[in-house]
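J.: When you get a sec, could you give me coordinates for this:
(chains A, B and C)
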Amino acid sequence: MPELPEVENIAAGLRKEIIGQGIRELVIRNPAIVKGSYQRSWRKAAGQLAGGRITKVSRRAKRLIIYTDKELAILVQLGMTGKFLLYEPEEESQKHVRFSIKFYGDKYLWYLDVRRFGRVWFMEGLTEENMDEVMEQAGLGKLGPESDSIQTKEFQEILSCKRPVKSLLLDQAKIGGLGNIYADESLFMARIYPGTRANKLNSMQANVLRKSIRAVIRKAIAHGGTTFSDFRNVYGDKGGFRKLLKVYQRTGEPCRKCKTAIERIQIGGRSTHFCPKCQVKK
DNA sequence: ATTTCATCCTGGAGGC
DNA sequence: TGCCTCCAGGATGAAA
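T.: Below you'll find the predicted structure:
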């Protein structure tokens, strides 16, 4: 589910709502989602965080990081259907709660995940400066540069392989933050056929793609992300970018530019949507 | 060294 | 109503 714009939207909501809040209790209902050094000692992590205070919320690619004043940070990778919701327990009982934080005062934060692809790490000594290194040591995959701020030269190096460009855009070790929606949308904006071998793109196409990625990501953030079924921000609201999608999940519908029917193919095991006229094979 | 592919899950949609 | 198949914003480890 959540790609960079959705995670950024969640992070923004959490920054506003939970920074400064004191943790009364951290309840882990589904310990199987905990990975890393606290995988077996998750109770210890929960105990350690009780009484702590939320100091900062940040994001790296699709990962969300909640810092505390307790030397333990909570790192969450939301998978396909992970989400955070703020609501009172009396309001309604939700299914699929995997862990929750009860704050002093009357706030609660719930982490829900239908499909359980999401994962949580309790990280020691994590800072903004060392995070990439520390995350790798903890067994998380390597992350490429943030997709909305890649440099020209850096991007050309990333493209120097013969994989289909679509697969490359989804590879978090190469580019951090893009998922299936925004990879397809970026390629449409850049008028590039998704199956094109990355090293066949000329420098002008590469630069257009780099800028398209940035534009798509920033616009999606501004519109609160994309909701199909699951995504919600921390208040339970849907994202507003769905109606602005040009190709993703529009198979058979007319291209917004040329009216040709949007097609869907498989690339690297993922559905890929494109306009056969605007994004010509070469 | 790269790259592809099955697998981990649940639930909604649509066909019969 | 039930049963079946297909599909889904992701990441990973094994295999080729």
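
J.: How about the closest residue to DNA strand B within chain A, nearest residue that isn't a chain neighbour?
T.: With C-beta to the nearest atom of the strand, the shortest gap between chain A and DNA strand B falls at residue A:115, namely 3.4 Å. In short, each C-beta sits where N, CA and C put it, glycine included. Leaving aside its sequence neighbours, residue A:115 sits nearest to residue A:81 (C-beta to C-beta, 6 or more residues apart in numbering; 4.7 Å).

J.: Dihedrals phi and psi, the residue in the stretch 51-200 of chain A that DNA strand C sits nearest to?
T.: Nearest residue of the stretch 51-200 of chain A to DNA strand C: residue A:179, at 2.1 Å (C-beta to the nearest atom of the strand). Backbone torsions of residue A:179, given as degrees, to the nearest 10, read phi -130, psi -160.

J.: Hmm, it is touching residue A:62, no?
T.: Yes: between residue A:179 and residue A:62 there is a contact under C-beta atoms under 8 Å: 7.2 Å.

J.: what sits in contact with each of the two?
T.: A:2, A:3, A:4 (C-beta atoms under 8 Å, 6 or more residues apart in numbering).

J.: ok, back up a step: ok, the residue of chain A closest to DNA strand B to residue A:76 distance?
T.: Distance from residue A:115 to residue A:76, counting by C-beta to C-beta, to the nearest Å: 15 Å.

J.: How about residue A:45?
T.: In this view, residue A:45 and residue A:76 are 13 Å apart by C-beta to C-beta.

J.: would you list every one of the strands in the stretch 151-282 of chain A?
T.: A:263-267, A:270-274 (DSSP state E, counting those that start in this stretch).

J.: Go through these and pick out the most buried.
T.: Counting by mean count of other C-beta atoms under 10 Å, strand A:270-274 has the highest mean neighbour count of the strands of the stretch 151-282 of chain A, with a mean of 21.

J.: Give the pairing partners of that strand; include direction for each.
T.: Strand pairing for strand A:270-274, using DSSP bridges, gives strand A:263-267 (antiparallel).

J.: how about the CA coordinates for the partner strand, as CSV?
T.: Extracted in CSV, the C-alpha atoms of strand A:263-267 (Å, rounded to 0.1, in the frame of the first residue of the first chain):
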residue,chain,number,x,y,z
GLU,A,263,-3.0,-1.3,-21.2
ARG,A,264,-1.8,-3.6,-18.4
ILE,A,265,1.2,-5.9,-18.6
GLN,A,266,3.4,-7.8,-16.1
ILE,A,267,6.9,-6.6,-15.5
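
J.: what mean pLDDT does that strand have?
T.: What strand A:263-267 shows for mean pLDDT is 94.

J.: Ok, stretch A:182-192 next?
T.: Mean pLDDT, computed over stretch A:182-192, is 97.

J.: CA atoms only: put that stretch into PDB for me.
T.: Provided in PDB are the C-alpha atoms of stretch A:182-192 (Å, rounded to 0.1, in the frame of the first residue of the first chain):
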ATOM      1  CA  TYR A 182       4.100   6.200  -8.600                       C
ATOM      2  CA  ALA A 183       6.500   4.100 -10.800                       C
ATOM      3  CA  ASP A 184       3.700   3.800 -13.400                       C
ATOM      4  CA  GLU A 185       2.600   7.400 -13.100                       C
ATOM      5  CA  SER A 186       6.200   8.700 -13.400                       C
ATOM      6  CA  LEU A 187       6.900   6.600 -16.500                       C
ATOM      7  CA  PHE A 188       3.700   8.000 -18.100                       C
ATOM      8  CA  MET A 189       4.700  11.500 -17.300                       C
ATOM      9  CA  ALA A 190       8.100  10.900 -18.800                       C
ATOM     10  CA  ARG A 191       6.500   9.100 -21.900                       C
ATOM     11  CA  ILE A 192       8.700   6.100 -21.400                       C
END
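
J.: does any part of it sit near DNA strand C?
T.: No: counting by C-beta under 7 Å from any atom of the strand, DNA strand C is not contacted by stretch A:182-192; separation bottoms out at 7.8 Å.

J.: So is that stretch next to DNA strand B?
T.: No: Stretch A:182-192 stays clear of DNA strand B (C-beta under 7 Å from any atom of the strand), getting no nearer than 13.6 Å.

J.: just to revisit the earlier point, show me which of residue A:115 and residue A:76 is the more surrounded one.
T.: Each of residue A:115 and residue A:76 has its neighbours counted (other C-beta atoms under 10 Å); residue A:76 has more, 23 against 12.

J.: Hmm, residue A:65 is touching residue A:55, no?
T.: No: with contact defined as C-beta under 8 Å, residue A:65 does not reach residue A:55; the gap is 11.0 Å.
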